[in-house]
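Enquirer: could you work out the structure for the sequence below:
(chains A, B, C and D)
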Number of protein chains: 2
Amino acid sequence: MEQRTLARPPSLADAVVAHIRDGIIRGEYAPGQPLTEASLSQDLGTSRGTVREALRELAGLGLVDRSIHRGAVVSALTARDAEEIYTLRAALESFAAQLAAERGNLDDEALAMLGRRLAAIERAAERADVPAMVAADMEFHTALSGLSGHGLLIEHLAAIQVHSRRVLFYSDLYRPTPEIVVRRHRDLYAVLATGDPYQVSLAVDQHVTGPSMDIVAQMRAREAGTGTAQGLDAARRGRGGPA
Amino acid sequence: MEQRTLARPPSLADAVVAHIRDGIIRGEYAPGQPLTEASLSQDLGTSRGTVREALRELAGLGLVDRSIHRGAVVSALTARDAEEIYTLRAALESFAAQLAAERGNLDDEALAMLGRRLAAIERAAERADVPAMVAADMEFHTALSGLSGHGLLIEHLAAIQVHSRRVLFYSDLYRPTPEIVVRRHRDLYAVLATGDPYQVSLAVDQHVTGPSMDIVAQMRAREAGTGTAQGLDAARRGRGGPA
DNA sequence: GCTGTCCTATTGTAGTACAATCCAACACTA
DNA sequence: TAGTGTTGGATTGTACTACAATAGGACAGC
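Expert: Residues are numbered from 1 along each chain as shown, chains lettered A, B, ... in the order given. Modelled structure (predicted):
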């Protein structure tokens, strides 16, 4: 029996984190854009200390780069970053799915739950509601990873998922037809239903890796065209991930 | 050519993070122990705001648990935590080694570098200097992971490595003979020298997983004896990892 | 023993202040 | 013109203070 940790109200700093995080994911804050404490605190109506706390957390999440006395800027997002995000996500998520299968967590109840998530993707696809599709897609994968029962793994995946979403939003490069998205998830679901750890692991790996190839290739092409584009300064890449 | 990011002096908050982090790893701060902002700032001679920043970062690292208006406590470290830490580390590190092999990064130069790390382990083993062995062991694995060339993966591994060390320090359960430690690394090195991705991946997985089994089993036994021991409140486990 | 009410410690947040530092603009020199 | 000081404004790093909100224990009353 899992003691419900009864949702506590988040602190104001947490709200600031969420606000800036979502803004970065949606591209409202562009890579390289400076996030000055004074202006943020004024815009959001909070104190500088609160904003500062949020920026430190965001740096830990890899969404902003901070350097001493130079402040925080929205972190870059290069083709290489995208490649690393997707390859790591593929490795972790396939491991999670393998664990779920090995532990027998892909039972009828779990499959029914995943089926509902799949249905949500299909409904969004019918309406051609792209944001809803992305959200439903993410929920599907979050739910699947959750079946691993591996808390630490789930946390790391959640952190990567944020970056994954950012790639999708920011580089509006991934535009498959809704039919393809639905089919890919249907196919994956079919493999999950077999419950075979090896097959499941392989299928998830390919499911995650597949579309990312196009994205990375197009980002690379774009960078080559504009001269390292959004990368700012590809050499000065330090933090960026989980921390 | 990698632009050297020329080491910048860390901020005071970073120093506080390092201090508390090391204290937690070494067990000087016990699991469950409250870390009150006032006392910490007084002990360290810094302001409360600085300590507060550090605590937020530590929460992101999963070393402390914070909840609103209740402050920060050193996070628990249960057998289950240890198991998750090592299984995830095994998955990530074997993936890193596989990448290194696939990309041809396990070349002569790299092997020579790993050989020097191995020699450092051997020297420490000869002196029966356990802390030096742990440090050298960690450097070996960090170096190996670095050969993957996968920055995000390296960051996630670094975060996990901290927890891994904490398990070693905190649960003084892992006491193999120096000879065994040396032999295990020599064997691993031999497989690395083959450069075969599959063999390398498998060997690293087993190398990491192997010793952890004993640790987890003994922690479990200890918990069963004392009644969930250090776990405090195993149900209320929320954050803990990468953030 | 249970319940409700206070009290105290601590956090959450705001605000101010000031030193340290970066950076861009400017001036100077060869 | 190119390169090299110099300077001043903007921003961060850190400290300090203040106060409302909350948690959690002590205590009284039943």
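
Enquirer: and residue A:9, what helix or strand is that in?
Expert: Assigned by DSSP states H and E, residue A:9 belongs to no helix or strand.

Enquirer: would you mind measuring from it to residue B:69?
Expert: 10 Å (CB to CB, to the nearest Å). For every residue, glycine as well, the C-beta is placed using N, CA and C.

Enquirer: please apply the same query to residue A:206.
Expert: Taken as CB to CB, the span from residue A:206 to residue B:69 is 47 Å.

Enquirer: looking at those two, which has the bigger crowd around it?
Expert: Comparing residue A:206 with residue B:69 by other CB atoms under 10 Å in any protein chain shown, the one with more neighbours is residue A:206, at 15 against 7.

Enquirer: quick one, helices of chain A?
Expert: A:12-25, A:37-44, A:48-61, A:79-102, A:108-126, A:130-146, A:151-170, A:178-194, A:197-226 (DSSP state H).

Enquirer: can I get those in TSV with distance to residue B:77 and mean pLDDT?
Expert: Below are those laid out as TSV (distance: least, CB to CB, whole Å; pLDDT from 0 to 100):
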stretch	distance to residue B:77	mean pLDDT
helix A:12-25	25	97
helix A:37-44	35	96
helix A:48-61	20	97
helix A:79-102	21	98
helix A:108-126	29	96
helix A:130-146	23	94
helix A:151-170	12	94
helix A:178-194	33	95
helix A:197-226	29	91
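
Enquirer: to DNA strand D, which of the ones you listed lies closest?
Expert: helix A:37-44 (3.8 Å; CB to the nearest atom of the strand).

Enquirer: so which elements touch the closest one?
Expert: Contacts defined by 3 or more CB pairs under 8 Å, 6 or more residues apart in numbering or on different chains; DSSP states H and E place helix A:37-44 against helix A:12-25, helix A:48-61.

Enquirer: up against DNA strand C, what does chain A have?
Expert: With CB under 7 Å from any atom of the strand as the criterion, chain A meets DNA strand C at residues A:11-13, A:45-50, A:68-70.

Enquirer: let me have those in CSV, extended by distance to chain B.
Expert: Listed next are the residues of chain A next to DNA strand C as CSV, based on distance: CB to the nearest CB, whole Å:
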residue, distance to chain B
A:11, 5
A:12, 10
A:13, 7
A:45, 19
A:46, 14
A:47, 10
A:48, 10
A:49, 6
A:50, 10
A:68, 5
A:69, 9
A:70, 9
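
Enquirer: from those residues, pick the one nearest residue B:193.
Expert: residue A:68 (41.7 Å; CB to CB).

Enquirer: need phi/psi at that closest one.
Expert: Here is the backbone geometry of residue A:68 (degrees, to the nearest 10): phi -60, psi 130.

Enquirer: just say which of the helices and strands packed on helix A:37-44 is most tucked in.
Expert: Most buried of the helices and strands packed on helix A:37-44, by mean neighbour count (mean count of other CB atoms under 10 Å in any protein chain shown): helix A:48-61, with a mean of 22.

Enquirer: nearest residue to the closest residue to DNA strand C within chain A in space, ignoring adjacent ones along the chain?
Expert: Chain A approaches DNA strand C most closely through residue A:12 (2.7 Å), counting by CB to the nearest atom of the strand. Closest residue to residue A:12 apart from its sequence neighbours, by CB to CB, 6 or more residues apart in numbering or on different chains: residue A:50 at 5.5 Å.

Enquirer: can you check residue A:128 too?
Expert: residue A:178 (6.0 Å).

Enquirer: which residues touch the one you found?
Expert: Listed by CB atoms under 8 Å, 6 or more residues apart in numbering or on different chains, the contact set of residue A:178 reads A:124-126, A:128, A:133.

Enquirer: and those residues, which are buried?
Expert: Among these, the ones that count as buried by 16 or more other CB atoms under 10 Å in any protein chain shown are A:124-125, A:133.

Enquirer: ok, those residues vs residue A:161, which is closest?
Expert: residue A:133 (15.5 Å).

Enquirer: please tell me how far the residue nearest the centre of chain A sits from chain B.
Expert: Nearest to the mean C-alpha position of chain A, counting by CA atoms, centre = their mean, stands residue A:161 at 2.1 Å. Going from residue A:161 to chain B by CB to the nearest CB, to the nearest Å gives 12 Å.

Enquirer: which residues touch that residue?
Expert: A:89, A:138, A:141-142.

Enquirer: quickly note the distance from it to residue A:99.
Expert: Distance from residue A:161 to residue A:99, by CB to CB: 17 Å.

Enquirer: and for residue A:202?
Expert: In terms of CB to CB, residue A:202 sits 14 Å off from residue A:99.

Enquirer: quick one: which of those two has more around it?
Expert: residue A:99 (21 against 15).

Enquirer: which ones are touching the more buried one?
Expert: A:105, A:148-150, A:153.
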